[in-house]
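In: coords please:
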Amino acid sequence: MAGPQYVAPRGGHPPQTDLLTGRAVFTEAYVFIPKGVMQDIVTSYLPFWDKTRAWIIARPLSGFTETFSQYIMEVQPGGGSVRPEPEAGAEGVLFVMEGEVTVKLDRKSHRLLKGGYAYLPPSSSWTIVNKGKAPARFHWIRKLYERVDGIDVPEPIFHNEQDIVPLSMPGTAGRWATTRFVDPEDLRHDMHVNIVTFEPGGLIPFAETHVMEHGLYVLEGKGVYRLNQDWVEVEAGDFMWLRAFCPQACYAGGPGRFRYLLYKDVNRHAKLGGFGR
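Out: This next block holds a predicted model:
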């Protein structure tokens, strides 16, 4: 099997000769951000990050998606942060698509290369630097951790997807598999960030309709995704942002694998007593 392939944004700016028409969609049920939208003009600079810019592709938004934010970070050689996370209660996940970063946590340094994954618990005093010779591009997913009395906070996790065997979904003969960085039965975790892989012709054979919110970034290949009432063609570098209960399904169009990075909130009761409480 070929090694993992990831498509990260490069920025730039389209010429005046390009057509205005694009594929971006914002609806009451989902947002679709194609890779062509991720230009220089939509990047942000963040406090206490050096030689860094970010594409903020999801954030809590009243009446839409409430649980998480997701950034694509681009850190130049020598860049990084000694104060990366501004909210003490936030947990984080990093996933490296290009280059390398070194994360220091609890006096230990962890070098994350392409395919590297890190889970950073809430109130962690972590730092990050790009010690490589090329820009590092990685996802940073942030969520306010939902503490539960009697359940411990998870410990840090450092992995690489190439060291984890994907688990085939039952009855799919390996056409649909999930790379899990966290045990789904570990109730300490209130979010999962997985990699979903479809071989050509593989599919989700029903319209999933569930409480979990999703961020889906296409890492490799192409497919057709059902989002609420719409069938949307997607390819590597595109991002989808789904609110709770948005019906969803997909099939992989080939000729290669169709893979995406998936966020979802899990393992917690629905909050009662008023919206947003």
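In: Against Phe258, how distant is the closest residue to Glu199 other than its chain neighbours?
Out: Closest residue to Glu199 apart from its sequence neighbours, by Cβ to Cβ, 6 or more residues apart in numbering: Arg175 at 4.7 Å. To be clear about C-beta, it is placed using only N, CA and C from the backbone, and glycine gets the same treatment. Distance of Arg175 to Phe258, computed by Cβ to Cβ, to the nearest Å: 10 Å.
In: out of those two, which sits in the busier spot?
Out: A side-by-side neighbour count of Arg175 and Phe258, using other Cβ atoms under 10 Å, places Phe258 first with 29 against 16.
In: Model confidence score at that one, please.
Out: Phe258 is assigned a predicted lDDT (pLDDT) of 97.
In: follow-up on the earlier one: how close does the residue nearest to Glu199 get to Leu105?
Out: 37 Å.
In: Glu100: neighbour count?
Out: 20.
In: So it is in contact with Phe138, correct?
Out: No: applying Cβ atoms under 8 Å, one finds Glu100 not in contact with Phe138, separated by 9.4 Å.
In: any residues in contact with both of these two?
Out: Common contacts of Glu100 and Phe138, defined by Cβ atoms under 8 Å, 6 or more residues apart in numbering, comprise Leu112, Gly116.
In: Not including adjacent chain positions, what is the nearest residue to Ala236?
Out: Closest residue to Ala236 in three dimensions, ignoring its sequence neighbours and counting by Cβ to Cβ, 6+ apart: Val7, at 3.7 Å.
In: tell me which element the one you found is part of?
Out: Using DSSP states H and E, Val7 falls within no helix or strand.
In: In contact with it, which residues?
Out: Lys35, Met97, Val218, Leu219, Glu220, Ala236, Gly237.
In: And for the fifth one, the neighbour number?
Out: Here the number of neighbours of Glu220 (other Cβ under 10 Å) works out to 19.
In: My guess is it contacts Phe258. True?
Out: Yes: at 7.0 Å, Glu220 counts as touching Phe258 under the criterion of Cβ under 8 Å.
In: Out of the contacts of Val7, who's the most crowded?
Out: Leu219 (25 neighbours).
In: so what's that one up against?
Out: Leu219 sits next to Pro4, Gln5, Tyr6, Val7, Met97, Ile195, Ala236, Arg259, Tyr260, Leu261 when contact means Cβ under 8 Å, 6+ apart.
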